[in-house]
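[1] need a structure here:
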Amino acid sequence: MKLNSLVVSHRTTPAAGALPEPDTIAMMIAGLGLLGVTMRRTKRQR
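    Alright, predicted model coming up:
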């Protein structure tokens, strides 16, 4: 009876979507800005 050796290897690859695209970042900043303006207006009306 002959046993074959098992070789386990794995590759380390960087995450594909680690850094969002500039358009995504711009939309997020714009959304946060609109949220801030809305909160400021709501706070002033009270």
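[2] which residues of this protein fall in helices?
    Assigned by DSSP state H, the helices in the chain fall at 22-45.
[3] Residue 44 versus residue 28, what's the distance?
    Distance, residue 28 to residue 44, using Cβ to Cβ, to the nearest Å: 25 Å. For every residue, glycine as well, the C-beta is placed using N, CA and C.
[4] ignore the last one, residue 33
    As defined by Cβ to Cβ, residue 33 lies at a distance of 17 Å from residue 44.
[5] More neighbours: these two, which one.
    Neighbour totals were compared for residue 33 and residue 44, and residue 33 leads with 10 against 7 (other Cβ atoms under 10 Å).
[6] Next, count neighbours for residue 26.
    So residue 26, with other Cβ under 10 Å, has 11 neighbours.
[7] For residue 43, see how far away it is.
    26 Å.
[8] same deal with residue 28?
    From residue 28 across to residue 43, the span is 22 Å (Cβ to Cβ).
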